[in-house]
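J.: Here you go, sequence then predicted model.
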Amino acid sequence: MSMSYKSVSRRLRATPLFAGLALLLLGNINTGYARASEPERISNTTRYRVSKPSVAKGRSGSATLSTRALRRKSGETDVELSTADLDENAAPAGSISRVQIATTDARGRRQMVKEYNDLAANGGYVAFTYRGLARGQALQVQANVTAIDGARTDVVSAAPTVKLRPDLFVERLSAPAKAVTGVPVVITAAIGELNQDVGSRAACVLSVDGIEADRADGIWIDAGGLVSCAFTHTFETTGTKSVSVQVPDAVPSDYDTNNNAATTSIVVREVEPFDNYHMRGASEERRRGSHIQDWSERNDGSIVYGRDYESNSLVTETNQFIEYYAEVRHLFDLSATRLSVTESTGGAVVRSFALDQISSEPDGCLARYPGTEPTVWVYICQRVRLSGPLTTLSYVSTAGEVTYFSTGYDLQWHRTADGTVTTDASYSWNDAGGSHTVTPVRWGSTYSIDVVLASADAIYQGPLTMSLGTETISNSTPWACGEWYADWGWERYCGDTTDSRVIVGGYAESAGNR
């Protein structure tokens, strides 16, 4: 299951957000059969959502001005101005010859003003760095732009506010605990943005034993959002492999690069002489929020202009996933094979579905979308090896609103109806594109899954039940205030944060896995 439920102050919303290498489980009991089509693939160049634009824009005549003010973790704020869209490849037109930047109070009145002349040699892009600008500080920016409207000088204005740089982080890395040589596995990573002010583009890179193995370029993570990357890798040698996912090359650049990677390990071995299967899962409730206030005063502290900025936010997410992987020493006629899955917790059925006539292909590897919402992927590989026949089966549900597909993933799994393989950077929604308002399932003390592969000549079953434990993690900070004097006069800032997680999870495996 891959769902997340958000409650935000002054508004209630429900959005899909979470999961790992897994079978989706949530909502009402759903019994259904496969649909022939898969979710629409969309180019990475199309951002799935921009909820909080990073730039403020102005226009005069044919001249445009894009501005933004992004604060680093170290406290400096970079104020950028461009006659083109910031972070795009197009060269800025004309020249910015003069700039005036002013801070304003809560009523829009100017406080301090800085002026810069004779800037034309810099072309259509200039940037300034300051200390002492607080998050939420309003600015008034005015620029003289030449060489666009003939001899005319265009005076263009915009009004950005100071925002935190995007903080991308790898929230979850999901991979099968064990794999076999020569058979592709799917590895997924959930990528989020923590600061909730602006989004960012980045790369999503898979490395195995420190060597880059696969990547998805140009992914977009919206402000406060969560997305997934899906990779495919085939191991050629046995042993314990270190698998990591990094999110480099963020644009705008990252607030904190220390949380941009996650690592796990996969034990790769030759097929054992008996069937193996395992499951894992977790139900995580996370509360994230903040309350911040900021004031400005005259240099002598005699007059308080009023509160410049105040923000209150509280987001509650419930994220649930189940991972199931199995190996069967048997070859199936997939055109006459039925896959059925039933999942339950505390004695109540959570989800049940069946997939008939899986494929007309006699062997190889294939991916199937059973038609569930949110999206579930079923991956099946069949091989004839020196040690005998082998079929591997796994389910993948991915976190967040969309999933980006790497080049290796497309080469292994994605083919159009005529058999063409495409490797264009793309993503798909993890659900129908709308919000989900159902209540998340509360897990009991155990979680069970029963998976059956049935054909005319054989029936294989892999039921498992895992006991669930609870872990609580808190990274909240108490209310605190501070004052400082910098480029823009005296500032007073107060704030606190809430960040707590309650995780209910477990693991179970067959005797053959041990």
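T.: Received it, and whenever you're ready, just let me know what you need. Numbers count the residues shown, from 1 in each chain.
J.: Report how many residues lie close to residue 210.
T.: 7 (other C-beta atoms under 10 Å). C-beta coordinates here come from the backbone N, C-alpha and C atoms, glycine included.
J.: How about it: what's its closest non-neighbour residue?
T.: Among residues not flanking residue 210 along the chain, residue 242 sits closest, at 7.1 Å (C-beta to C-beta, 6 or more residues apart in numbering).
J.: repeat for residue 415
T.: In space, residue 415 comes closest to residue 421 once its chain neighbours are excluded; the distance is 5.5 Å by C-beta to C-beta, 6+ apart.
J.: Quick check: the one you found is in a helix.
T.: No. Counting by DSSP: H, G, I helix; E, B strand; the rest coil, residue 421 is not found in a helix; it is coil.
J.: shouldn't it be in contact with residue 413?
T.: No. Contact criterion C-beta atoms under 8 Å: residue 421 and residue 413 do not qualify, at 9.5 Å.
J.: the more surrounded of these two?
T.: residue 413 (20 against 11).
J.: Return the distance of that one relative to residue 407.
T.: 12 Å (C-beta to C-beta, to the nearest Å).
J.: now swap in residue 69 and tell me
T.: Distance, residue 69 to residue 407, using C-beta to C-beta: 36 Å.
J.: And those two? Which one has more around it.
T.: residue 69 (24 against 16).
J.: who's in contact with stretch 338-350?
T.: Applying C-beta atoms under 8 Å, 6 or more residues apart in numbering, the external contacts of stretch 338-350 come out as 1, 23, 25-26, 29, 322, 351-356, 358, 378, 393, 395, 441, 443-455.
J.: What residues of it count as buried?
T.: Neighbour counts over stretch 338-350 (16 or more other C-beta atoms under 10 Å) mark 338, 339, 340, 341, 342, 343, 344, 345, 350 as buried.
J.: Quick one: end-to-end length of stretch 264-279, please.
T.: Stretch 264-279 has an end-to-end distance of 16 Å (criterion: C-alpha to C-alpha, to the nearest Å).
J.: same deal with stretch 143-157?
T.: Span of stretch 143-157 from end to end, C-alpha to C-alpha: 6 Å.
J.: Quick one: distance of that stretch to the chain centre.
T.: Stretch 143-157 has its C-alpha centroid displaced from the chain centroid by 40 Å (C-alpha atoms, centre = their mean, to the nearest Å).
J.: try stretch 176-183
T.: Counting by C-alpha atoms, centre = their mean, stretch 176-183 comes out at 25 Å from the chain centroid.
J.: could you dump the helix or strand hosting residue 229 to CSV, C-alpha only?
T.: Element membership of residue 229, judged by DSSP states H and E, is strand 226-233. Taking Å, rounded to 0.1, in the frame of the first residue of the first chain, the C-alpha atoms of strand 226-233 are listed here in CSV:
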residue,chain,number,x,y,z
LEU,A,226,7.5,13.4,-2.4
VAL,A,227,8.2,11.4,-5.5
SER,A,228,9.8,8.0,-6.4
CYS,A,229,12.6,6.8,-8.7
ALA,A,230,12.4,3.3,-10.0
PHE,A,231,15.6,1.5,-11.1
THR,A,232,16.4,-1.9,-12.5
HIS,A,233,19.6,-3.7,-12.0
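J.: show me what contacts residue 176?
T.: With contact set as C-beta under 8 Å, 6+ apart, residue 176 has these partners: 21, 185, 266, 323, 325, 394.
J.: same question, residue 382
T.: Neighbour list for residue 382: 331, 332, 334, 362, 363, 364, 365, 389, 390, 391 [criterion: C-beta under 8 Å, 6+ apart].
J.: do you know how far the nearest residue to residue 482 once chain neighbours are set aside is from residue 486?
T.: Of all residues not flanking residue 482 in the chain, residue 493 sits nearest, at 5.6 Å (C-beta to C-beta, 6+ apart). To residue 486, residue 493 is 12 Å away according to C-beta to C-beta.
J.: Looking at these two, which is more packed in?
T.: residue 493 (18 against 15).
J.: That one: which element?
T.: strand 489-509.
J.: Let me know the average pLDDT across that strand.
T.: Mean pLDDT, strand 489-509: 86.
J.: I'd like the numbering to begin with 470 instead of 1 from here.
T.: Let's use 470 as the start, then, which means that last one is strand 958-978.
J.: That one - contacts with which helices or strands?
T.: Secondary-structure packing of strand 958-978 (3 or more C-beta pairs under 8 Å, 6 or more residues apart in numbering; DSSP states H and E): strand 745-766, strand 933-936, strand 938-943, strand 946-955.
J.: okay, those, which one's buried deepest?
T.: Counting by mean count of other C-beta atoms under 10 Å, strand 745-766 has the highest mean neighbour count of the helices and strands packed on strand 958-978, with a mean of 21.
J.: distance of the spatially closest residue to residue 509 that is not a sequence neighbour from residue 696?
T.: Nearest residue to residue 509, sequence neighbours excluded (C-beta to C-beta, 6+ apart): residue 897, at 6.3 Å. Going from residue 897 to residue 696 by C-beta to C-beta gives 11 Å.
J.: Likewise for residue 576?
T.: In terms of C-beta to C-beta, residue 576 sits 39 Å off from residue 696.
J.: What of residue 537?
T.: For residue 537, the distance to residue 696 - C-beta to C-beta - is 22 Å.
J.: Repeat that for residue 735.
T.: Counting by C-beta to C-beta, the separation of residue 735 from residue 696 is 23 Å.
J.: Then residue 634?
T.: To residue 696, residue 634 is 18 Å away according to C-beta to C-beta.
J.: Name the residue in those two with the higher neighbour count.
T.: Just comparing residue 634 and residue 696: by other C-beta under 10 Å the higher neighbour count belongs to residue 696, 25 against 22.
J.: quick one, what contacts the more buried one?
T.: Each residue near residue 696 by C-beta under 8 Å, 6+ apart is listed here: 517, 659-661, 688-690, 868-873, 896.
J.: ok, now residue 595?
T.: Contacts of residue 595 (C-beta under 8 Å, 6+ apart): 549, 550, 565, 568, 585, 588.
J.: who's it bridged to?
T.: Bridge pairing for residue 595 (DSSP bridges) gives the partners residue 550.
J.: again with the one 5 residues further on
T.: Beta-bridge pairing of residue 600, defined through DSSP bridges, involves residue 545.
J.: which residues does it contact?
T.: Counting by C-beta under 8 Å, 6+ apart, residue 600 has contacts 544, 545, 546, 955, 956.
J.: Now, of these, which are buried?
T.: Buried members of the contacts of residue 600, scored by 16+ other C-beta under 10 Å, are residue 546.
J.: Turn the contacts of residue 600 into TSV, including distance to residue 524.
T.: Listed next are those as TSV, based on distance: C-beta to C-beta, whole Å:
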residue	distance to residue 524
544	22
545	19
546	15
955	24
956	22
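J.: need the helix or strand of the protein with the lowest average pLDDT.
T.: Least confident helix or strand of the chain, by mean pLDDT, DSSP states H and E, is strand 480-481 with a mean of 24.
J.: got a list of contacts for the helix or strand just after that strand?
T.: With elements assigned by DSSP H and E, the helix or strand that comes after strand 480-481 is strand 511-512. Applying C-beta under 8 Å, 6+ apart, the set of residues contacting strand 511-512 from outside is 517, 893, 894, 895, 896, 897.
J.: Determine which two of these are furthest apart.
T.: Taking C-beta to C-beta as the measure, the contacts of strand 511-512 reach their widest spread between 517 and 893, a distance of 15.8 Å.
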